[in-house]
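> my questions concern the predicted model and sequence given below.
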Amino acid sequence: MDQDSNPKRTGVTRRGLLAGSAATVALANAHALADPATPSPAPAPATVPVSLNVNGTKHSLKLDPRVTLLDALRERLGLTGTKKGCDHGQCGACTVHVNGTRINSCLSLAVMHEGDEITTIEGLGLPGNLHPMQAAFVKHDGFQCGYCTPGQICSSVAMLKEFDQGVPSNVTEDLENIVFSDEEVRERMSGNICRCAAYPNIVAAIREVHGGGVA
Amino acid sequence: MRAFTYERADSPQAAAQAVASHPEAKFIAGGTNLLDLMKLEVERPAHLVDVTRLDLKKVERTGDGGLRIGALVTNTAMASHPIVKRHYAVLSRAVMAGASGQLRNKATTGGNLLQRSRCPYFYDTSKPCNKRKPGTGCSAIGGFSRNLAILGISDACIAQHPSDMAVAMRLLDAKVETIMPDGGTRAIPIADFHREWGNTPNVENALRHGEFITAVTLPKPLGGTHVYRKVRDRASYAFATVSVAAVIGDGVQRFAFGGIASKPWRVEAAEKLSGADAIAKAVLAGARPTAQNRFKIPLTRRTLAATIEQAQA
C-alpha cells in the first residue's frame, strides 16, 4: 500500500490544541528574540525525496534533510507513539526498529533511511492485538506515567533478539557463553531512562517474555 | 540546526571527492555524535555526504593473520564478531563499555575514531573554547574540570578523548586505512592518528580535509588475558573517568589508558616495568592536573593495580 504522508485529523484534539498554543507562544517569543546583529538564517535547502517502509506501509516523502527520523514519524506520518524525550540520544524514548535493529530515531536523519523497514510501537501491536512484550508490561505494571514506555518496549524486543544473536554486554563474563540474567537485562536496557523508576517491573516483564511467558 | 545540502556517495573515492570539493562538507555515517553536535550548532556543516550505503561493512582476515574491520561495521557488529570475541576480546570489552545498545547499533568503526570531545565547554556555545572557536580561550582551565584530561594537554585545551574503542585499538597497534580524493591510500598507525592539543586543539586527528576512513586493521592476535576496566560516575552508559585496557600473558604486557588524556594514552617504555606503582609512575610522567582532577593520578594507579590483579586471577 502506498500512502500519502499526511494523516487524516478531524475535529479538535488535545494534541492539536497543544500544538496550536505552542505555536502562538513561539510567535510571541520570536519578536523578543529578534536581534539585528544576528544574520537571518539561510533559506531552507531543497527537499530530498525518500521512501520509508513504516509498519508495513510504504510512504513517499519529500523532506528537508534536517528532519530526523523521529520528527518524520511523529510530525509527517502522525505516528505519535514514538516519543521525543531529550532529542539527543540520552533517554531512549524515541527508540524504534530499523531493519530489525533498535536505534535512537532522534539521532538519525530521515533521508538516510531510503528503503529501510521501520517498526514503531504501533507496528509491534495495538489494543486487542498486543505484542507479548506489551502484554507483559501491562501485566507487570512496567510503567507509571508511560512516556518512556513505547521506547522501553521497542528497545526490549530488539534487545532480546540481540541476546539470542550472541551480542555481548559490559557485564558478560564469558563472551562466548552469554548467560541471561537480570543484571544483563539492566545493562542492556541502560539506554532507556524511566524517571518514574519502574525498573524492577520492567525487568520482570522482560524476564517473563524471555522465558516464553505472556501470550 | 543550520541548513545543509545532502548527497549519497556511491564509492569511497567519490565520497572523498565530494567532501574535498566543499570547504564546509562533512561525512555522515552513524551520525550519533555529529547530529547531536549539529542540533547544538557546535558543528555547522553546509553539506553532508552520506556514506552509509558504501560496501565497507565486512570483517575479514588479512594475509598476515590479522583482521580488517570495515569503516562502516557498527560497534555492535564488531564487538559481537566471533573472531573479535575470541582473539581481540579487549576490543569487544571496550566497545561494550561505552554508550548504549541503541547507539552502538548505529555508531561505526570509523565514526567512533572521530567522535569529538565531551568537554562541557566545547558543547556550550555561550562560552569561549579554543577547540570550537580557535583563539577564543579555554573555559575549562579554571572552570569545571573534574573529568577532563591530565596528559597530552596544553594551555589552549584540557579536553579528554572520549572513546573506549580507540583505547583498545591503541593497545592492539591498529592502523587506520584511508582513501584520498585522488584515489591514493595510506595506513596511519593509531599512535599517530589522534593528537596532543598544543596550540591547535581544533585539529583532532591526522586526516586531511576529504580524506576518508575505509577500514581499521589489527595485527595478528597477541594471545594473553584481555581486560578492559572502566571507572565512571555510574555503572552504565557514562564516559570514562579512568579506563585501562590490558593484555597480559603469553610473554606480553601492554596497557593503554582512557579518560585521562587528549588521545588514547600508551607509554610503551612503561610496559617493561613491573608492578602497578612503577608502571603508573612512568605512564603519568608529565601529568598536569587541575585542582579538580588531581584525583585521577591515584585513581589511575589503583585502576591499573586492579586491572593487573583481574588479569592474573
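Received the coordinates, thanks. All of these numbers come straight from a predicted model, not from anything done at the bench.
> distance of the residue of chain A found nearest chain B from residue B:293?
Per Cβ to the nearest Cβ, residue A:191 is where chain A lies closest to chain B, at 2.6 Å. C-betas here are computed from N, CA, C, even on glycine. Distance, residue A:191 to residue B:293, using Cβ to Cβ, to the nearest Å: 27 Å.
> show me chain B divided up by domain.
What automatic domain parsing lists as the domains of chain B is B:5-53, B:59-113+B:160-312.
> right, and these - which one's nearest chain A?
domain B:59-113+B:160-312 (2.6 Å).
> got the contact list for residue A:79?
Residues in contact with residue A:79 (Cβ atoms under 8 Å, 6 or more residues apart in numbering or on different chains) are A:54, A:55, A:73, A:120, A:122.
> residue ranges with poor pLDDT in chain B?
By pLDDT under 70, chain B contains no weakly predicted segment.
> can you show me the strands along it?
With DSSP state E as the criterion, chain B has strands at B:5-8, B:25-28, B:47-50, B:59-61, B:67-70, B:175-179, B:185-189, B:212-218, B:225-231, B:242-249, B:252-258.
> mind giving me a markdown table with those strands and columns for distance to residue B:122?
Formatted as a markdown table, those follow (distance: least, Cβ to Cβ, whole Å):
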| stretch | distance to residue B:122 |
| --- | --- |
| strand B:5-8 | 25 |
| strand B:25-28 | 17 |
| strand B:47-50 | 21 |
| strand B:59-61 | 32 |
| strand B:67-70 | 28 |
| strand B:175-179 | 23 |
| strand B:185-189 | 24 |
| strand B:212-218 | 22 |
| strand B:225-231 | 22 |
| strand B:242-249 | 20 |
| strand B:252-258 | 18 |
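> how near is the closest residue to the residue of chain A closest to chain B other than its chain neighbours to residue B:129?
What sits nearest to residue A:191 in space, not counting adjacent residues and going by Cβ to Cβ, 6 or more residues apart in numbering or on different chains, is residue B:100, at 2.6 Å. Separation of residue B:100 from residue B:129 (Cβ to Cβ): 26 Å.
> ok, residue B:270 next?
32 Å.
> same thing with residue B:311?
38 Å.
> more neighbours, those two?
More crowded of residue B:311 and residue B:129, by other Cβ atoms under 10 Å in any protein chain shown: residue B:129, with 26 against 17.
> picking that back up, same list (the domains of chain B) but as CSV, adding distance to residue A:161.
Converted to CSV, the domains of chain B look like this (distance: least, Cβ to Cβ, whole Å):
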stretch, distance to residue A:161
domain B:5-53, 20
domain B:59-113+B:160-312, 11
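> just the CA trace of the strand or helix carrying residue A:152, in CSV.
According to DSSP states H and E, residue A:152 maps onto helix A:149-164. Output in CSV follows, covering the C-alpha atoms of helix A:149-164 (Å, rounded to 0.1, in the frame of the first residue of the first chain):
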residue,chain,number,x,y,z
THR,A,149,7.1,3.0,27.7
PRO,A,150,7.0,2.8,23.8
GLY,A,151,10.8,3.2,23.8
GLN,A,152,11.2,0.7,26.6
ILE,A,153,9.1,-1.9,24.7
CYS,A,154,10.7,-1.4,21.3
SER,A,155,14.1,-1.5,22.9
SER,A,156,13.4,-4.6,25.0
VAL,A,157,12.0,-6.6,22.0
ALA,A,158,15.1,-5.9,19.9
MET,A,159,17.4,-6.4,22.9
LEU,A,160,16.2,-10.0,23.4
LYS,A,161,17.0,-10.6,19.7
GLU,A,162,20.5,-9.2,20.2
PHE,A,163,20.9,-11.5,23.2
ASP,A,164,19.9,-14.5,21.1
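> is any residue of it near chain B?
Yes: applying Cβ under 8 Å from any Cβ of the partner chain, one finds helix A:149-164 touching chain B at A:155, A:158, A:159, A:162.
> the strand or helix carrying residue A:103 close to chain B?
For residue A:103, the host element (DSSP H and E) is strand A:101-104. Yes: in terms of Cβ under 8 Å from any Cβ, part of strand A:101-104 sits within range of chain B, namely A:101, A:102, A:103, A:104.
> who's in contact with residue B:168?
Residue B:168 touches B:88, B:90, B:91, B:93, B:94, B:95, B:228, B:245, B:256, counting by Cβ under 8 Å, 6+ apart.
> residue B:308 against residue B:247, yeah?
No: checked against Cβ atoms under 8 Å, the pair residue B:308 and residue B:247 is beyond contact range at 11.5 Å.
> more crowded one of the two?
The neighbour count for residue B:308 versus residue B:247, taken as other Cβ under 10 Å, is higher for residue B:247 (25 against 21).
> the more buried one reaches residue B:224, doesn't it?
Yes: with contact defined as Cβ under 8 Å, residue B:247 counts as touching residue B:224 (4.4 Å).
> what about the helices in chain A?
Ranges of helices within chain A are A:14-33, A:69-71, A:121-124, A:132-139, A:149-164, A:182-188, A:199-210, based on DSSP state H.
> mean neighbour count added to these, as CSV?
Output for the helices of chain A, formatted as CSV (neighbours: other Cβ atoms under 10 Å in any protein chain shown):
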stretch, mean neighbour count
helix A:14-33, 10
helix A:69-71, 23
helix A:121-124, 20
helix A:132-139, 20
helix A:149-164, 23
helix A:182-188, 19
helix A:199-210, 20
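> take those and write them to CSV, including mean pLDDT and distance to residue B:139.
Formatted as CSV, the helices of chain A follow (pLDDT from 0 to 100; distance: least, Cβ to Cβ, whole Å):
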stretch, mean pLDDT, distance to residue B:139
helix A:14-33, 45, 24
helix A:69-71, 98, 31
helix A:121-124, 98, 41
helix A:132-139, 98, 44
helix A:149-164, 98, 34
helix A:182-188, 98, 34
helix A:199-210, 98, 36
